[in-house]
Structure formats: C-alpha cells, structure tokens
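Visitor: got a predicted model here, sequence first, then my questions.
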Amino acid sequence: MRKIKTLDEFEANYFRKHPEEIDDYFKIIFDEYAQDGDTGALLSSLRVLAGVKGITALAKETGMTRKGLQKALSQQGNPRLENINAIMHAMGYRLVPEKLEPH
C-alpha cells in the first residue's frame, strides 16, 4: 500500500530544503493570526515548524514531553503562554509586541 503524504509533511519537507524562508513564514503566520484570530491555524503552522526542528529535540529544549508538545500544538490545543514562549525560544524566536496603526 502506498503511503500518502499530508500537507503538513509537504510543508515540513519544503522548509527543510528552504530554511531561509522560515523567518518570513513566522511573520506571515503571526500577521494572519493577528488579523483573523484563528488559533487552530497558528498552532498548525507552528506544528509544521516544530516538525522541521524535530519534535523530540524541541520537547527536550522546552522541558515539555513529546506528547505534551504535540497536544499543545494540535488543532484543538490550548497551550499556555509560557509554553508558546518556550517553543518560540527553542526555535530561535521570541514574541514581540507591535503597535497597531489607529483606524
């Protein structure tokens, strides 16, 4: 039986081959989240990037279990802010506020 790849697997493979595009992708996913508030989409995108780094390595760096990390980044995940902060730091990024333009 032939194994069919998921979209997440295709995206992860793409970013493994093009790591220079990860910075822009982080900006895009957080910009989109700021506009639409779709937590599931943000977590899904972070899960793809976590897979690029390696779930086991990322779990070790964050002090989370592999299962806990996967649950936090699942579509129905509801991670605490300190978990997102730890995940971002382990991937070499940080959460930074940006002032909104007045309407």
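Guide: Cool, got the structure.
Visitor: once you drop chain neighbours, what's closest to the residue positioned nearest the centre of the chain?
Guide: Taking C-alpha atoms, centre = their mean as the criterion, L46 is the residue nearest the geometric centre of the chain, at 1.0 Å. Of all residues not flanking L46 in the chain, L73 sits nearest, at 5.4 Å (C-beta to C-beta, 6 or more residues apart in numbering). To be clear about C-beta, it is placed using only N, CA and C from the backbone, and glycine gets the same treatment.
Visitor: now Y14
Guide: Counting by C-beta to C-beta, 6+ apart, Y14 lies nearest to E21, which is 8.0 Å off, once chain neighbours are set aside.
Visitor: would you map the strands across this structure?
Guide: Here the chain has no strands by DSSP state E.
Visitor: considering only helices and strands, which part of it has the lowest mean pLDDT?
Guide: None of the helices or strands of the chain scores lower by mean pLDDT, DSSP states H and E than helix 7-17, at a mean of 90.
Visitor: alpha carbons only: can I get it in PDB?
Guide: Output in PDB follows, covering the C-alpha atoms of helix 7-17 (Å, rounded to 0.1, in the frame of the first residue of the first chain):
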ATOM      1  CA  LEU A   7       0.000  18.800   3.600                       C
ATOM      2  CA  ASP A   8       2.000  19.200   6.900                       C
ATOM      3  CA  GLU A   9       4.600  16.700   5.600                       C
ATOM      4  CA  PHE A  10       4.900  18.600   2.300                       C
ATOM      5  CA  GLU A  11       5.300  21.900   4.100                       C
ATOM      6  CA  ALA A  12       7.900  20.500   6.600                       C
ATOM      7  CA  ASN A  13       9.900  19.000   3.700                       C
ATOM      8  CA  TYR A  14       9.800  22.300   1.900                       C
ATOM      9  CA  PHE A  15      11.100  24.200   4.900                       C
ATOM     10  CA  ARG A  16      13.900  21.600   5.500                       C
ATOM     11  CA  LYS A  17      15.000  22.300   1.900                       C
END
